[in-house]
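Visitor: Next input, structure requested:
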Amino acid sequence: MSRVGKYPVPVPSGVTVQIAGRDVTVSGKLGQSSLSLVDDVDASLEGDKLWVKPKGETKRARMMWGTTRALLNNMVKGVSDGFTVSLDINGVGYRAAVDGQTLKLALGYSHDVLYPIPEDVGIKCDKPTSITITGRDKQRVGQIAAEIRSYRGPEPYKGKGIKYTTETILRKEGKKK
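Guide: Numbering: from 1, shown residues only. Modelled structure (predicted):
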């Protein structure tokens, strides 16, 4: 039995869920998201709870039960509250700035790295050494944060580079004479 799938997805006030055949559409204050269900699971709305049930006892049905419930939960949370990932920049001369629809990163290269900001995601730089990425799609926000981090990942000797705020970099000692 799925440990995740057996719990309902609570639907907060201000969020509407529509089930039309195999398609589930969730809309809220931050926009609208939709998901096409696989053939192995069914979704039903009972009051303010969204239930996901497997159609059979096959291994794939049990796998997709928990996966579908997690995806629907992320959709409901995304359109009501949204998701946020924070990045920190460490290093002398390393900085970031938002210029229109472009994120401008100075990361120690001979040129600035320009990252175009997608329409469905918001990027803010409160300080030159911090980046905040927000959006309604958890996967999209995480992917964009990973792409920005990949321009200059943190290195273990001086700790320079872009890292997640919650990440801890294990430091190495370096050479001895």
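
Visitor: which intervals of the chain have sub-threshold pLDDT?
Guide: Counting by pLDDT under 70, the low-confidence segments of the chain come to 1-2.

Visitor: Where do the domain boundaries of the chain fall?
Guide: 9-80, 83-164 (automatic domain parsing).

Visitor: of all those, which lies closest to residue 176?
Guide: Proximity to residue 176, assessed across these by Cβ to Cβ, is greatest for domain 83-164 (13.1 Å). For every residue, glycine as well, the C-beta is placed using N, CA and C.

Visitor: Got phi/psi on the nearest residue to residue 142 once chain neighbours are set aside?
Guide: Distances taken as Cβ to Cβ, 6 or more residues apart in numbering place residue 85 nearest to residue 142, at 6.3 Å, with adjacent residues excluded. Here is the backbone geometry of residue 85 (degrees, to the nearest 10): phi -130, psi 130.

Visitor: likewise residue 149?
Guide: Per degrees, to the nearest 10, the backbone of residue 149 is at phi -60, psi -30.

Visitor: so which helix or strand takes in residue 57?
Guide: Using DSSP states H and E, residue 57 falls within no helix or strand.
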